[in-house]
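Participant: coords please:
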Amino acid sequence: MSIPSSFIDQILDQADIVDIVGRRIQLNKKGQNFWCLCPFHDDKKPSMAVNQDKQFFYCFVCNASGNSIHFLRRYENLDFVDAIETLASSVGLEVPYTKQVVEETKAKEINEEANTIYKNSLKSSDGAEAVTYLKNRGISGETAAFFNLGFAKDGWTNLYDKLLPKYSKPDILESGLFSAKEEKVFDFFRARLMFPIRNIRGQCVAFGGRILGDGEPKYLNSPETKTYSKSNELFGLYEARELNKSLDSLIVVEGYMDVIALHQNGVKNAVASLGTAITAKHVSKLMRYAKNIYVAFDGDLAGRKAAWKAVENALPILREDVKIGFIFLEEGHDPDSYINEKGKDAFNKLLENNISFSKFFLSKIKKVDDLETIEGRSKAAKFAIPLINSINNETLKQAYIEEIASICRLDFASLISSNAQKPRNAPAPSEAAKPEENSGSLLARKAIVGIFTALIQYPNLAKDRAFESIHNNEKFLFLLEVQNKYVENSEINASIVFEQIRSDQIKRLFSEALMSEIELTEENALSMLKDCLHSFVKNQKDREEILKEKYNVDHISSAERRELQQFILKKAELSDEDRVLLTNLSSKRD
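Facilitator: Down below sits the predicted model:
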């Protein structure tokens with residue numbers, strides 16, 4: 001499945017980056033930009049600017065930059081598709097997925113085929129025991145069909161034998177439905193009630209299987225594959241959204257049968273994590289589709305540990321507009337048994353009486369040690385420091401600092417300042433600002449930024465004849481690609497142009513131009529464009545001559561030799577001198 005580029009452009013136009021960033025980080029308006037502490041490096045004073053007109057953010061320290069998509073991917077650690085889903089949800093749109101012409105893997109197709117086989121098995125005499133099991137658990141045929149439940153027959157190669165005529169062995173093994181030993185392939189699921197796991201697009205990407213008789217493990221889950229990551233998917237989310245695209249709330253439970261039992265009893269907005277703790281990606285996905293999130297776990301030690309893990313993973317992406325609450329069921333009950341015994345109204349009462357995120361968090365701090373002693377308060381504060389430091393939302397962070405300062409009777413704000421941690425997704429040193437390797441000089445860099453600045457402020461300048469000086473020269477292809485975007489559409493949003501630039505180095509320069517506060521008249525912009533083009537072309541010629549001179553006196557480094565080779569290779573026509581030099585550069589090594 002793929003997303004049309006026109007839809008990506010549409011949501012970039014409709015989504016407001018100030019709203020997207022502002023929900024997650026405190027913004028303050030100053031001049032043309034909104035400013036905040038950059039979450040991508042250890043920021044002491046606001047260095048990240050968010051520009052509403054240009055729909056762009058840029059950090060003047062670590063050079064993190066981009067549009068709403070880039071911000072979400074980096075801030076919430078999302079893949080591209082999930083970032084698009086998050087943006088689309090924020091503006092009330094559904095992503096119009098289209099079929100890819102070429103699939104990277106047949107894993108999804110094979111899982112879909114397997115789901116059909118499993119469903120047919122459940123309907124046949126082979127699935128009689130599984131049907132009886134579901135009836136005994138109070139699950140109707142209608143509910144079983146809604147969740148596409150199936151049955152994997154007993155036997156080592158039932159599924160394999162049916163799929164082998166249609167798919168290659170490597171594709172089959174890549175699906176996650178089989179195991180191999182000494183060149184022999186075996187079905188991964190045997191004699192189990194099957195729960196298909198669908199991604200948000202409704203594609204079957206994996207399965208959970210429950211054994212019907214005695215045996216271990218009771219539940220078996222598909223291994224991770226190229227198309228399935230348990231830390232990203234939630235069982236039942238696709239089905240919940242099929243019934244209601246505008247969910248007000250979502251309930252997170254631990255098991256497949258919890259989700260199905262709640263649905264059977266009229267609570268049709270439950271999802272389950274897949275044999276793993278609630279991850280940061282799960283929390284981000286839940287926040288995308290609902291403003292009220294309830295975590296309903298068993299009240300035993302294991303349930304509380306799982307809930308606390310959810311707290312730790314939610315802290316970095318906490319927002320004021322999303323409420324998270326916890327429900328701990330009484331001993332001996334899970335959501336399945338509770339709703340079947342006490343009914344929907346009683347379960348909804350539990351939701352109403354949930355423990356808020358902040359209350360659960362602060363109660364954990366209070367239980368770290370005896371707060372009546374100095375040692376106990378110090379230990380509690382020390383426990384809280386890394387947790388509070390992980391909060392990126394500055395307003396919420398300050399609120400928690402004040403609460404913990406009151407609990408521990410300490411100057412907690414000072415402790416936080418002196419123990420600041422490296423932010424999540426902080427750029428590695430190699431990603432930090434660095435000179436353009438092949439720009440030749442700072443002058444060239446400034447010239448490129450000047451050209452971009454003129455085009456961003458006056459897109460019609462892309463049609464000026466000044467650009468003819470760089471036509472038919474591959475060295476300037478990156479400039480011509482940006483120019484052509486504005487020639488094709490002078491109304492194009494600059495953040496969309498940024499999205500389509502392939503080189504990270506050029507993206508950084510385009511970012512600088514986007515966030516420039518220099519205001520030009522059209523006449524001045526044209527003069528700057530011509531001056532910068534002339535300067536850049538001349539600089540490239542000068543740089544080539546400098547490198548040739550270094551080569552002639554045998555004082556050229558390996559990096560400079562490669563740079564000189566690139567200058568020559570990018571020429572439209574080579575002179576005899578260029579050919580000889582190119583041969584010598586290719587054969588000679590330091």
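Participant: and the strands in the stretch 51-200 of the chain, which stretches?
Facilitator: For the stretch 51-200 of the chain, strands defined by DSSP state E, counting those that start in this stretch occupy the ranges 56-59, 65-66, 150-152, 178-181, 184-187, 192-198.
Participant: for those strands, which one sits closest to Val131?
Facilitator: Of all the strands of the stretch 51-200 of the chain, strand 150-152 sits nearest to Val131, with 8.3 Å by CB to CB. For the C-beta atoms, the positions are set from N, CA and C on the backbone; glycine is no exception.
Participant: so for the closest one, mean pLDDT?
Facilitator: Per-residue pLDDT over strand 150-152 has a mean of 97.
Participant: adjacent strands (with direction) for it?
Facilitator: Strand pairing for strand 150-152, using DSSP bridges, gives strand 192-198 (antiparallel).
Participant: after the partner strand, which helix or strand is next?
Facilitator: Using DSSP states H and E, the helix or strand that follows strand 192-198 in sequence is strand 204-211.
Participant: starting at the chain centroid, how far to that next one?
Facilitator: Chain-centre distance of strand 204-211: 25 Å, with CA atoms, centre = their mean, to the nearest Å.
Participant: which other helices and strands contact the helix or strand following it?
Facilitator: As assigned by DSSP H and E, the chain's next helix or strand after strand 204-211 is strand 219-221. If you count contacts as 3 or more CB pairs under 8 Å, 6 or more residues apart in numbering; DSSP states H and E, strand 219-221 packs onto strand 204-211.
Participant: the same query, at a cut-off of 10 Å, please.
Facilitator: Here strand 219-221 touches strand 192-198, strand 204-211, helix 256-264, going by 3 or more CB pairs under 10 Å, 6 or more residues apart in numbering; DSSP states H and E.
Participant: burial of the residue lying closest to Val91 once chain neighbours are set aside, as a residue count?
Facilitator: The spatial neighbour of Val91 that comes closest, neighbours along the chain excluded (CB to CB, 6 or more residues apart in numbering), is Gln14 at 4.6 Å. Neighbours of Gln14 under the rule other CB atoms under 10 Å: 13.
Participant: gap between Gln14 and Lys323?
Facilitator: 26 Å (CB to CB, to the nearest Å).
Participant: circling back: I'd say the residue nearest to Val91 and Leu93 touch.
Facilitator: Yes: at 7.4 Å, Gln14 counts as touching Leu93 under the criterion of CB atoms under 10 Å.
Participant: what's the overlap in contacts for those two?
Facilitator: Shared contacts of Gln14 and Leu93 (CB atoms under 10 Å, 6 or more residues apart in numbering): Leu87.
Participant: quick one, strands of the stretch 301-450 of the chain?
Facilitator: Counting by DSSP E, counting those that start in this stretch, the strands of the stretch 301-450 of the chain are 323-329, 355-356.
Participant: helices or strands up against the last one?
Facilitator: This means strand 355-356. For strand 355-356, the packing partners by 3+ CB pairs under 10 Å, 6+ apart come out as strand 323-329, helix 357-366.
Participant: list the buried residues for the last one?
Facilitator: In terms of neighbour count (16 or more other CB atoms under 10 Å), helix 357-366 has its buried residues at Phe357, Phe360, Phe361, Leu362, Lys364, Ile365.
Participant: return the distance of that helix from the chain's centre.
Facilitator: A distance of 28 Å separates the centroid of the chain from that of helix 357-366, by CA atoms, centre = their mean.
Participant: what sits up against it?
Facilitator: 293, 295, 304, 307-308, 310-312, 314-315, 318, 322-326, 328, 354-356, 371, 376, 380-381, 383-384, 387-388, 396, 399-400, 403-404, 406-408.
Participant: I figured Asp411 hits Ala405, correct?
Facilitator: Yes: contact criterion CB under 10 Å: Asp411 and Ala405 qualify, at 6.7 Å.
Participant: just the mean pLDDT for stretch 579-590, thanks.
Facilitator: Throughout stretch 579-590, pLDDT has a mean value of 67.
Participant: kindly report the same for stretch 468-487.
Facilitator: For stretch 468-487, mean pLDDT is 81.
Participant: what about it, distance to the chain center?
Facilitator: In this view, stretch 468-487 has its centroid 32 Å away from the chain centroid, taken as CA atoms, centre = their mean.
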